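Q: sequence and predicted model, in that order:
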Amino acid sequence: MHSRSETAPPALRASRPGPARLRWPAPAAAALAALLALPVGGAVAKDKDSDWPEITQAERDYKTVPGDPEAGAVLLRNFRDGKIVMRGRWLANVLDYHWRLKVLTDKGKDFGAVEIPANKWSRVDGIRARTVKPDGTVVPVPSDQIFEKVVTKARGVRSTQFVFNFPAVEPGAILEYQYERQSDSLKFVQPFYFSGPAFTVLARVTQATPIEAHYQSLCKDCPNPDPPRADWKEGKIRGKLTTWEMKDTPARKDEMLMPPDRDILPRLEMTLTAWEGVMWDELGRTGYLFTDWNSVARYFNFHYRKAYQLDETQMKQTVADWTAGLTDPDAKIAAVYRHVQADFRYEDSDLMFGGTRSIADILKSHIADNEEKAVLLTSALRALGLNPIIGLAGGLESGAVYANYFSFLQFTHGVVGLPGKDGKPQWMDPTATWIPYGALPWRDVGAPVLILKDDNTGELTKMSQTSIASKTVYTTTVTPRPDGKAVIEAVVELTGDNAAEMREAMVQESEADRRTRIVKWAGDLLEGAALQDFSIEDLETIDKPLRIRMKLEAPALVTRAEDLTAVRGCALDCFTDNPIPRGDRRYPVYIDRPMARESQTTIKGPEGSHAAPMPKPVSLDSVFGTYKLSCAAAQDGSVTCNRTLNLPRSRWPETTGPALRTLFDQIVQADRTSVAFNAGAAPAAAGGR
């Protein structure tokens, strides 16, 4: 595992041109050369016990977590100390991390695996780790057992993570590691989460900044709105040291239909508002940077326009090829949109920096990230004679955007709008590769967006379009066998976001990888199901449903007792256990992504049997949605059960947790409903001859 506080985003992309060196009036240039730092070397440090902060007696004596006696571990310390200092010729933000955890039970052994993300612009250095056994014996993690693993490698960008496992992990052991991270970007400070997967006794973050630098802070749920600040000096740099601290923070616990972490976990974010003496070419001014949404919009527009206003001749020729033979203006827009979606492999990222490569580079590489997709689409639509606008979108899955915190870190991807008949922008999300033209993925509907206007102002609003209807439909035939197992032949039809996400996962996969995915998926749909065969229809046809045909062998659906055979009426994607935990719900109920499932299960009775009386229909209505299940016998002796579950988009406070659990208690009971078949011919109907 690794704590969210350890995640540090890169400052820019490798093949982007990168921010120009900032112009500093003398004498500031001598001391503050730039806002970008050079990376430093080796990632693993030699271990010295004397360098570790003392383990206190209180930490050694920790036995149980308050209010959670079943907790497997307790996070004793989650510390990060940051300082902006000179590294070589440039300034860098150097962040020192210290993480200390005590294993309380065998369940806490899961914390023995660590992953620390790293990349070229956020370098990790000096990793040290050790286990302190209950008897005080120290077992270091050998340096040759700390491995750097490549996670992604595309377009010259190499993203890695350092991984290792603690030795001698047992209840009572203390696990801890330290490392340094050097961040290249000073326009923001990496977000820090005060809570994580274990109860945290003490979380602390400090940040030292030069006196010339001014940051706006967002500290969600911090107990002290005015944290202590002290004078600070290192070398020739003078400034202030600010300290934020939280004690006894509950662990984050997964709950079904829960909000994004950013909405529920206490965290710290910092964004640069001004640096005295620095000339910002993007804004045409010295000193002040991100002071309102207009300055954010102007900064991003400056870099985006440099890209889409160049290479116009090449873009016009490309668009002419994309729209050859088309005369209808809307058809041309749809064609351009589809090419930007499909022809350029999406390099996913949830961070935005206001940087992009040239259009020529994007066209050549056929790869684009969360900003470049929008810039490319804007350039292409301009080649059609249109006047599109770009918006910085904050996807619903990432959390709320705070209107008075002027940070681009709150946004996740670029979208493009054209004027609609109602005067509002009709948005397109080119990062959603498999969503048809005219629709938006669920994450964009109602999501906040900062519109970058032509006059260099920014308007923070919400995208109001409707999403494409998303549904999963299961059509299955269940044939029970004498050995108590059943053969299931199923056609699963996915539409909307459900189809889009499955296509995103499978289009680039090999046949072997697809089979592995379907095997796992089948097991998720029905525990113990064994895949025998499958086929996929319309995998890359965006305007058609995606159909997956499967033949499965399944246990646990059939119960046999002498002359009676019972078969569960819900075969796939059923709730056999309540997914809502008992006790008070901690987080609000978020149904930002609607849930719509339908199934038609046809059950063939054993040869020579007849269907017993049908179970009573079930119809559930709650504030969250509806559920229906009904079964009926057919002339051929089979039984067909129809099931629907619909949870429309809504949000409810955590006090509705008991009602949500009650609903799923009822769904679980209904999904366990069985259809019975009796041996022998059906009795003659009353009144028959």
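A: On my side now, so go ahead. Numbering: from 1, shown residues only.
Q: show me the shaky parts of this structure.
A: Low-confidence segments of the chain (pLDDT under 70): 1-50, 119-121, 151-159, 350, 682, 684-689.
Q: domain assignment for it?
A: For the chain, automatic domain parsing gives the domain ranges 4-280, 293-462, 471-679.
Q: can you tell me which of those domains is packed in deepest?
A: domain 293-462 (a mean of 19; mean count of other Cβ atoms under 10 Å). Glycine gets a C-beta too; all of them are placed from N, C-alpha and C.
Q: how long is that domain end to end?
A: 15 Å (Cα to Cα, to the nearest Å).
Q: how far does it sit from the chain's center?
A: How far domain 293-462 lies from its chain's middle: 20 Å, per Cα atoms, centre = their mean, to the nearest Å.
Q: ok, now stretch 93-113?
A: 23 Å.
Q: go on, stretch 666-675?
A: 32 Å.
Q: other residues contacting it?
A: Stretch 666-675 is contacted by residues 559, 566-570, 574-578, 603, 611-612, 614-615, 618, 620, 627, 629, 631, 639, 641, 643, 645 when judged by Cβ atoms under 8 Å, 6 or more residues apart in numbering.
Q: got the CA positions of it in CSV?
A: The C-alpha trace of stretch 666-675 is given here as CSV (Å, rounded to 0.1, in the frame of the first residue of the first chain):
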residue,chain,number,x,y,z
GLN,A,666,-34.6,-6.6,0.6
ILE,A,667,-32.8,-6.9,-2.7
VAL,A,668,-30.6,-9.7,-1.3
GLN,A,669,-33.6,-11.5,-0.1
ALA,A,670,-35.3,-11.1,-3.5
ASP,A,671,-32.2,-12.1,-5.5
ARG,A,672,-32.1,-15.4,-3.5
THR,A,673,-35.6,-16.3,-4.7
SER,A,674,-35.7,-19.7,-6.3
VAL,A,675,-38.0,-21.3,-8.9
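Q: from now on call the first residue 53
A: With 53 as the first residue, the last one maps to stretch 718-727.
Q: ok, back up a step: so can I have a markdown table of the domains of the chain showing distance to G339?
A: Below are the domains of the chain laid out as a markdown table (distance: least, Cβ to Cβ, whole Å):
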| stretch | distance to G339 |
| --- | --- |
| domain 56-332 | 5 |
| domain 345-514 | 12 |
| domain 523-731 | 40 |
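Q: right, and those domains - which one's nearest T338?
A: Among the domains of the chain, the nearest to T338 by Cβ to Cβ is domain 56-332 (5.0 Å).
Q: elements contacting the strand or helix carrying A383?
A: Element membership of A383, judged by DSSP states H and E, is helix 381-395. Secondary-structure packing of helix 381-395 (3 or more Cβ pairs under 8 Å, 6 or more residues apart in numbering; DSSP states H and E): helix 364-374, helix 424-435.
Q: I'd like those helices laid out as JSON lines, including distance to T212.
A: Converted to JSON lines, the helices and strands packed on helix 381-395 look like this (distance: least, Cβ to Cβ, whole Å):
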{"stretch": "helix 364-374", "distance to T212": "34"}
{"stretch": "helix 424-435", "distance to T212": "22"}
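Q: so for Y642, which of these sits nearest?
A: Short answer: helix 424-435, nearest of the helices and strands packed on helix 381-395 by Cβ to Cβ, at 26.3 Å.
Q: give me the angle between that closest one and helix 364-374.
A: 80 degrees (axes from the mean of the first three to the mean of the last three Cα atoms, to 10 degrees).
Q: ok, residues contacting helix 424-435?
A: 356, 359-360, 363-364, 367-368, 370-371, 374, 385, 388-389, 391-392, 396, 398, 408-409, 411, 414-415, 420, 440, 442-443, 465-468, 470, 480, 482-483.
Q: recalculate using a threshold of 7 Å.
A: Applying Cβ atoms under 7 Å, 6 or more residues apart in numbering, the set of residues contacting helix 424-435 from outside is 356, 359-360, 367-368, 371, 385, 388-389, 392, 396, 398, 408-409, 411, 414, 420, 440, 442, 466-468, 480, 482-483.
Q: now stretch 251-262
A: 117, 120, 123, 126-136, 241, 244, 246, 267, 284, 289, 291-303, 320, 322.
Q: change it to 6 Å
A: The set of residues external to stretch 251-262 that reach it, using Cβ atoms under 6 Å, 6 or more residues apart in numbering, is 117, 123, 126-136, 244, 246, 284, 289, 291, 293-299, 301, 303, 320.
Q: what does stretch 523-541 give?
A: 542-547, 550, 603-607, 609-610, 612, 617, 619, 623-624, 648-656.
Q: so R695, which of the three states?
A: Three-state assignment for R695 (DSSP: H, G, I helix; E, B strand; the rest coil): strand.
Q: show me where the stretch 403-552 of the chain has strands.
A: 419-421, 441-445, 465-471, 477-480, 500-504, 510-514, 523-532, 538-547 (DSSP state E, counting those that start in this stretch).
Q: make CSV out of those strands and add distance to S562.
A: Converted to CSV, those look like this (distance: least, Cβ to Cβ, whole Å):
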stretch, distance to S562
strand 419-421, 20
strand 441-445, 33
strand 465-471, 28
strand 477-480, 31
strand 500-504, 37
strand 510-514, 40
strand 523-532, 25
strand 538-547, 21
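Q: out of those strands, nearest to R314?
A: Short answer: strand 500-504, nearest of the strands of the stretch 403-552 of the chain by Cβ to Cβ, at 12.2 Å.
Q: just checking, Q268 is part of a strand?
A: Yes. Looking at Q268 with three-state DSSP, it is inside a strand.
Q: next up, the contacts around it.
A: With Cβ under 6 Å, 6+ apart, Q268 has these contacts: 323, 325.
Q: so K384 makes contact with G377?
A: No. If you go by Cβ atoms under 6 Å, K384 and G377 don't touch, sitting 10.2 Å apart.
Q: helices of the chain, start to end?
A: 80-83, 109-113, 313-316, 345-360, 364-374, 381-395, 411-417, 424-435, 548-558, 563-577, 709-723 (DSSP state H).
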